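> Mind looking at a prediction? Sequence and model below.
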Amino acid sequence: HIETQNEFSIAVKEVPNWLFIAWVPQMLAVMNKEEGEAFIGILEEIAKEYPQALYYAFNISKTDFGAIGKSRTQHLEGILTNPLQGTFIRALEDLTFPEQRLRDGLAQLKNCLVSANFQQAQKTFLDLYEDCLSLESMMKTNRCSGEYNIKFARDYSKRVLKALGENGSKLLSMNEKEFNLAISDIMTNLQKVLKTLQVGKISLGSLSKWLADFDQSSDPFWGNWSIPENMENDSCMTSSKSMIEIPGKYNSFQKPNPSSHVKLVGFDQTLLCLTSKQRPKILKMRGSNEVEYKFVVKGGEDLRLDQRIEQLFEVMNSILNRSPACSQRKLFVQTYSVIPVSKQCGLLQFVENTRVLEDVIKDGLACTLPSLERSGKNAPMELLSNLRLQYQGWLEKRGASQNLVDCYKTLYTKVRHTELADKMNALTVGFPWDALKTGLFRLTTSAESFLALRSQYQHSLAVLSICGYIAGVGDRHLSNTLVDIKSGLLVPIDFGYSFGTGVILLPVPELIPFRMTHQLVNVMLPQDAIGLLRNDMIHTMSALRASRNIISAVLDVFVKEPLVEWKTEALRAAAWHNLGIPDRKSGVAAVVGRDEAQANNEQHHVELKIENAHRKLELWNPAEVTISELHLSIHANKPYMRDLEQIVRGHPDRNIRARIQGTVCESVQEQVDCLIDQATDPNLLGRIWVGWQPWV
């Protein structure tokens, strides 16, 4: 608060600066605002003592600074300037296939044209060209891109220049339709190539020669980089800028000791490209302690969302640890390090000793199916596929269309609860009830060790359900949760659809608060599974609600420094709501008004997303939270919207959530009962996207 800023500035001098490292994103988020002045001194002290704790976050945030923020952080930027670290970031970005980078860049260009922001479109084009189409840029000594990237630039640069003009000059007079037509051939070709991108082992040097050649094992110094004049006499600063630390070593729970931190000396020459949508790659870094560190390099996403959610989980863990009831039950969320290095790329700590939930279920099926006279190596996959096809065939028949999204709209308006419940029951019965339980049992060596693993699994499922609900974590399909094979703990991954985005943006909205399907619950049988989960969930929600002011402080950064994806989400939702945007012929005043309206809409959209998180801690009926998200969504004002609202609210005869008077529950116990009711309602599960596999 401005009125306490002077007192804060005095008092903060008595606080060790390392305690603020975890709050760097929050401090950077207000650099454009008046209160930013109170934090610049703290940031400069952190930059001097722990520069690599601040470098990546500052590198991302500075691109959003206005005139005040740039002026305020000028000295800070000078302290953090590090050519070696900058080249490292550029090399990591080159590990994302150029086909994906071009596709994503063209999508950004389209968004600029949709909002009639032609100057930004041209700037975006120049950045895109420098990123994946400029041979000159790729061959510079401080980049040294790999042959795969260079060949792509040779193949595509002339096509893109022909379509959009030298320096993107044609964009200044293009509308969305003209843009789509200009790039249609390029996009058609890209879509074909994207389906055949290589997976498995890839040569590191094919994407980044700089990373492949990086070797500081014998001479950990600047190599080709010269030391800026203002640092030549600062041996401490020179040392920190002549090497790169293994990322992910800073938090505020203990004082960092950079001299003991492991330094990066090289990389394994082979990448492992994973099969998921963004084709993330496992990169092995070699440390100065002769240990290899695995990271997942993920491009095409702003990983600040994942980082902030992991930070939120860490704060929740500290709250739960201070609660006697939660601490005694060992209720916490398993977390991992997320290091965004730019707005388009980041590093995820590779979580050892884990398997994807779906794979554990398949292992269980492999043991269960022979007793059901189904055997063979592919039997588990065939069963999963057959059930999906059964549901999809029924959906297409009821929807009278080959377009699945249109079929779901029919599902909202014409298919009643009883029919949907019968269909879900038939699919669930067709899947062995104990597949996950059997898969988990196979991870243990005795009945006693299984009981211990099952207990930790139960606590983990309960706390993850509540913490994930508050953060609005959606898209919980079977590949977005890992299982720790030693402890049974569940590890959530991939938070792209968080804070209601699964409701707001998906063409088939997710109407459930978290995944609590039969397979997950049946692990606890023959015990009272729901009763056990409910007890842990009540303790978790009670503790978090008691410290909701602390959680609010963490959520504040989302409002003050909105993510690019959230701004795009706001734009898409506004377009679906038919909010008019003046075109280039409307005059300067209209364009200025457009920009202000768009900025206000973006900010309002972000504030409402975070407000829904606060509502969850204020005992709101979860059904009412979902409905408020639907009103923010691409589904608002659609013909089926009223039906969706009725489905979410439920019916008093069968749903606890429908019996609540008003929007707020009377107690945490009642709120948790409503959450379980909504999460397990077949009338909602049966209307979720087929790939989510709600019968498993």
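On my side now, so go ahead. Numbers count the residues shown, from 1 in each chain.
> tell me which helix or strand of this protein sits lowest on mean pLDDT?
Lowest mean confidence among the helices and strands of the chain (mean pLDDT, DSSP states H and E): helix 235-241, at a mean of 54.
> Downstream of that one, the next helix or strand is which one?
strand 264-267 (DSSP states H and E).
> That next one pairs with which strands, parallel or anti?
When pairing is defined by DSSP bridges, strand 264-267 lines up against strand 281-287 (antiparallel).
> Can you give me the buried ones in the strand it pairs with?
Neighbour-count burial for strand 281-287 flags 281-287 (criterion: 16 or more other C-beta atoms under 10 Å). Bear in mind the C-beta positions are built from the backbone N, C-alpha and C, glycine included.
> okay if I get those as JSON lines plus distance to residue 689 and pLDDT?
Shown next, in JSON lines, are these (distance: C-beta to C-beta, whole Å; pLDDT from 0 to 100):
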{"residue": "281", "distance to residue 689": "27", "pLDDT": "97"}
{"residue": "282", "distance to residue 689": "28", "pLDDT": "97"}
{"residue": "283", "distance to residue 689": "32", "pLDDT": "98"}
{"residue": "284", "distance to residue 689": "35", "pLDDT": "98"}
{"residue": "285", "distance to residue 689": "37", "pLDDT": "97"}
{"residue": "286", "distance to residue 689": "41", "pLDDT": "96"}
{"residue": "287", "distance to residue 689": "42", "pLDDT": "95"}
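> ok, of the residues you listed, which one's closest to residue 637?
residue 281 (41.8 Å; C-beta to C-beta).
> where does the nearest residue to that closest one once chain neighbours are set aside land on pLDDT?
Once flanking residues are discounted, residue 281 sits nearest to residue 271: 4.5 Å by C-beta to C-beta, 6 or more residues apart in numbering. pLDDT recorded at residue 271 is 97.
> quick one, what contacts residue 271?
95, 201-204, 207, 281-283, 297 (C-beta atoms under 8 Å, 6 or more residues apart in numbering).
> Show me the one in these that has more neighbours than the rest.
residue 207 (25 neighbours; other C-beta atoms under 10 Å).
> Would you mind confirming that that one makes contact with residue 148?
Yes - counting by C-beta atoms under 8 Å, residue 148 is a contact partner of residue 207 at 5.5 Å.
> if I look at residue 7, how far off is residue 434?
According to C-beta to C-beta, to the nearest Å, residue 7 and residue 434 sit 60 Å apart.
> ok so, going back, looks to me like the residue nearest to residue 281 is in a helix.
No - under DSSP: H, G, I helix; E, B strand; the rest coil, residue 271 sits outside any helix and is assigned strand.
> For residue 424, see how far away it is.
In terms of C-beta to C-beta, residue 271 sits 41 Å off from residue 424.
> Then residue 453?
Distance, residue 453 to residue 424, using C-beta to C-beta: 29 Å.
> Check residue 676 too.
Using C-beta to C-beta, we find residue 676 at a distance of 17 Å from residue 424.
> One more: residue 49?
Taking C-beta to C-beta as the measure, residue 49 falls 57 Å from residue 424.
> more neighbours, those two?
residue 424 (21 against 17).
> Where do the strands of the stretch 351-500 of the chain begin and end?
354-356, 481-484, 490-492 (DSSP state E, counting those that start in this stretch).
> How about residues contacting the helix or strand that the last one is followed by?
Looking back up the chat, that one is strand 490-492. Moving toward the C-terminus from strand 490-492, the next helix or strand (DSSP H and E) is helix 501-504. Contact partners of helix 501-504, identified using C-beta under 8 Å, 6+ apart, comprise 472, 474-475, 509-511, 565, 569, 573, 609, 626, 629-630, 632-634.
> Now do the helix or strand that contains residue 202, average pLDDT.
Applying DSSP H and E as the criterion places residue 202 in strand 200-203. Mean pLDDT, computed over strand 200-203, is 97.
> in its sheet, what does that strand sit against?
Partners of strand 200-203 in the sheet, by DSSP bridges, are strand 270-273 (antiparallel).
> re earlier: state the pair within the contacts of helix 501-504 that is farthest apart.
Most distant of the contacts of helix 501-504, by C-beta to C-beta, are 511 and 565, 21.6 Å apart.
> who has more neighbours, these two?
Using other C-beta under 10 Å as the criterion, residue 511 and residue 565 rank with residue 511 on top: 23 against 18.
> Okay, now the unreliable bits of this protein?
1-2, 218-240, 251-253, 371-376, 560-568, 571-572, 574-600 (pLDDT under 70).
> ok, 80 please
By pLDDT under 80, the low-scoring segments of the chain are 1-5, 217-242, 251-254, 370-377, 556-606.
> re earlier: including mean neighbour count and distance to residue 550, could the strands of the stretch 351-500 of the chain go into JSON lines?
Shown next, in JSON lines, are the strands of the stretch 351-500 of the chain (neighbours: other C-beta atoms under 10 Å; distance: least, C-beta to C-beta, whole Å):
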{"stretch": "strand 354-356", "mean neighbour count": "18", "distance to residue 550": "29"}
{"stretch": "strand 481-484", "mean neighbour count": "22", "distance to residue 550": "26"}
{"stretch": "strand 490-492", "mean neighbour count": "21", "distance to residue 550": "21"}
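> burial count for residue 480?
21.
> Do me a favour and get the backbone dihedrals for the closest residue in space to it that isn't next to it in sequence.
Spatial nearest neighbour of residue 480, chain neighbours left out: residue 494 (5.0 Å); criterion: C-beta to C-beta, 6+ apart. Note on residue 494: backbone dihedrals following degrees, to the nearest 10 are phi 60, psi 100.
> Begin at 40 from now on, thanks
Fine by me, first position is 40 from now on; the one you just mentioned is residue 533.
> How about the contacts made by residue 533?
Taking C-beta under 8 Å, 6+ apart as the test, what residue 533 contacts is 345, 514, 519.
> wait, isn't the last one in contact with residue 531?
Yes - when contacts are counted by C-beta under 8 Å, residue 519 is listed as touching residue 531 (7.0 Å).
> Quick one: end-to-end distance for stretch 522-542.
End-to-end distance for stretch 522-542: 26 Å, by C-alpha to C-alpha, to the nearest Å.
> cool, stretch 448-460 as well?
Start-to-end, stretch 448-460 (C-alpha to C-alpha) is 18 Å.
> For that stretch, give me every contacting residue.
434, 437-440, 678-679, 682-683, 686, 690, 693, 721-722, 725-726.
> re the thing from before, more neighbours: which of residue 46 and residue 473?
More neighbours surround residue 473 than the other of residue 46 and residue 473, with 18 against 11 (other C-beta under 10 Å).
> Okay, the more buried one and residue 559: tell me how far apart.
12 Å.
> again, but for residue 570
15 Å.
> So between those two, which is more surrounded?
Between residue 570 and residue 559, counted using other C-beta under 10 Å, residue 559 has the larger neighbour count: 24 against 9.
> Using the three-state scheme, assign the closest residue to residue 504 other than its chain neighbours.
The shortest distance from residue 504 to any non-neighbouring residue, by C-beta to C-beta, 6+ apart, is to residue 553 (4.4 Å). When classified by three-state DSSP, residue 553 comes out as coil.
> close enough to count as contact, residue 553 and residue 510?
No - with contact taken as C-beta under 8 Å, residue 553 and residue 510 are classed as non-touching, separated by 10.3 Å.
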